[in-house]
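Participant: fold the following for me, if possible:
(chains A, B and C)
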Amino acid sequence: MNFFDLVSDYVKRVPLGRVSTYGQIAALAGSPRSARAVGWALHRLPTEKLRYVPWHRVVNREGRVSTTCLEHTGFDQVRLLKKEGIRVKYIDGNYFVDLRKYLWEP
DNA sequence: CTTATGACTTTCA
DNA sequence: CTGAAAGCCATAA
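Facilitator: Got it, this is the predicted structure:
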């Protein structure tokens, strides 16, 4: 199984109403220091996989939505997070999630 | 094989 | 506390 599919599989396991971090997914995938690769995988995620891969529930270590697409798609995905009951804070053009409460712990 | 890139993380000044 | 730099992993060219 590729790292790509592995990451996708773990992201799919994130329960609704919870969020995860790139480092966490990377650790689950077998490489705790491949957070950047995880980010790459999610960025390069095919449209068909977006249907069942809740990538919007994956944020960085600070709980910030690091998507470079914050100005367009990021807004829609954050909207989904709010729809799932996750309280998203909008600070200085960036979206933040309270990891202390919403972080997924497998 | 070498170089470059990225939705990251940690460390140091 | 803030900001900059280096480190690390996987993939593309």
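Participant: what is the helix or strand of chain A with the lowest mean pLDDT packed up against?
Facilitator: The weakest-scoring helix or strand in chain A, judged by mean pLDDT, DSSP states H and E, is helix A:73-83 (a mean of 86). If contacts are counted by 3 or more Cβ pairs under 8 Å, 6 or more residues apart in numbering; DSSP states H and E, helix A:73-83 sits against strand A:88-91, strand A:94-97. All C-beta atoms are positioned from the backbone trio N, CA, C, and that covers glycine.
Participant: and A:Leu21, how far is that from DNA strand C?
Facilitator: Residue A:21: Thr, not Leu. In this view, A:Thr21 and DNA strand C are 13 Å apart by Cβ to the nearest atom of the strand, to the nearest Å.
Participant: output the set of residues of chain A in proximity to DNA strand B.
Facilitator: For chain A, the contact set with DNA strand B under Cβ under 7 Å from any atom of the strand comprises A:21-23, A:35-40, A:42-43, A:45, A:55-56, A:58, A:60-62, A:66-69.
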